[in-house]
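# generate coordinates for the sequence data below:
(one chain, ligands or ions: 1)
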Amino acid sequence: MTVKVKICGLNTSAALKAAIEYGADWVGFVFFSRSPRYVSPQQAAALWQEAALRCEDSSQHGMRALPKIVGLFVGASWQEIDSARSFLPIDIVQYYGKVDYVRAIQKQLSLPVWHSCGISTVDDLPLETPANGLVVEAKTQKEDPLPGGMGHSFDWSLTAQWQAPVPWLLAGGLTAKNVQTALKQSMARAVDVSSGVETAPGKKEPALIRDFIMAAKKGLPPPA
Ligand SMILES: O=C(O)c1ccccc1NCC(=O)[C@H](O)[C@H](O)COP(=O)(O)O
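This is a model prediction of the structure:
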């Protein structure tokens, strides 16, 4: 079974091209204005249309299938998400906020929702959720300027025995160098990265995107 990879916070054509070319399963656009990776729905749509056209042009040469689009929102209403969706064909909503909002988004927009949850102990791991998926990452600290995308990792062994209620992604502080260790310790089968493929906050590096995807997908490590 191949590990699935999400590259989050894509904000340039070169970075999106690298994510597609090297086989990312999901590409994430951050619609949170305080993020250094913020793009407007219109900007994300322009990046996506250019990439999709390039992919179609190259499809005769075995260019990879297009990844799914993850729209990342923090505390947004379903109406705001619906407005973003009028520009960009969002496949999945990644949501930071109250779980009640998750239900509203599912009901009003008929879109799958991944709920992001910060953990520091096994007791923080959800045993039930209305969400269609979970993004599990380190609990943020009070002083953190962002609820995610901070490069913080947590003790990956915390999820090793977890009976996740829905499919989940491991996130937080992942890089090409540590992703195999993270997979082995966490038993995750899907990973999500943002700062680990950047040279500075919000500055995505295509070569790091390539390295991360290849490292994550090089085959699962043997069981512990
Ligand atoms: O990436 C951001 O700027 C961001 C801003 C606000 C909320 C969430 C954000 N990112 C969420 C993600 O899915 C990141 O990929 C995830 O937190 C891992 O980030 P990193 O530790 O930088 O790899």
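
# residue numbers of the protein in contact with the ligand?
Along the chain, the residues adjacent to the ligand under the rule Cβ under 6 Å from any ligand atom are 8-9, 28, 30, 32, 35, 37, 72, 74, 96, 135, 137, 146-151, 171-174, 192-196. For every residue, glycine as well, the C-beta is placed using N, CA and C.

# write the PyMOL selection for whichever of these are buried.
Selecting the buried subset of the residues of the chain next to the ligand in PyMOL, with 16 or more other Cβ atoms under 10 Å as the burial test, is done by:
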select buried, resi 8+9+28+30+32+35+37+72+74+96+135+137+146+147+148+149+150+171+172+173+174+192+193+194+195+196
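
# look up the closest residue to Gly28, ignoring the ones flanking it.
The shortest distance from Gly28 to any non-neighbouring residue, by Cβ to Cβ, 6 or more residues apart in numbering, is to Cys8 (3.5 Å).

# any low-confidence regions in this structure?
The chain contains residues with pLDDT under 70 at 56-64, 220-224.

# all helices of it, in order?
Remark: helices assigned in the chain by DSSP state H are 13-21, 41-58, 78-85, 99-109, 179-186, 206-216.

# buried set for the fifth one?
With burial defined by 16+ other Cβ under 10 Å, the residues of helix 179-186 counted as buried are 179-180, 182-186.

# how about stretch 131-141?
Using 16+ other Cβ under 10 Å as the test for burial, stretch 131-141 gives 131-138, 140.

# got the contact list for it?
Applying Cβ atoms under 8 Å, 6 or more residues apart in numbering, the contact partners of stretch 131-141 are 92, 94-95, 99, 102, 106, 112-120, 124-126, 146-148, 150, 152-154, 159, 164-173, 188, 192.

# quick one: contacts for the closest residue to the ligand within the chain?
When scored by Cβ to the nearest ligand atom, the chain has Gly149 as its residue closest to the ligand, at 2.3 Å. Applying Cβ under 8 Å, 6+ apart to Gly149 gives the contacts 8-9, 30, 35, 37, 194-195.

# would you show me how to pick out the buried ones of the contacts of stretch 131-141 in PyMOL?
The PyMOL selection below is limited to those of those classed as buried (16+ other Cβ under 10 Å):
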select buried, resi 92+94+95+102+106+112+113+114+115+116+117+118+119+125+126+146+147+148+150+152+153+154+159+164+168+169+170+171+172+173+188+192
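
# who's in contact with His115?
Counting by Cβ under 8 Å, 6+ apart, His115 has contacts 95, 99, 102, 126, 129, 131, 133-135.

# what's across from it in the sheet?
Per DSSP bridges, the residues bridged to His115 are Tyr95, Leu134.
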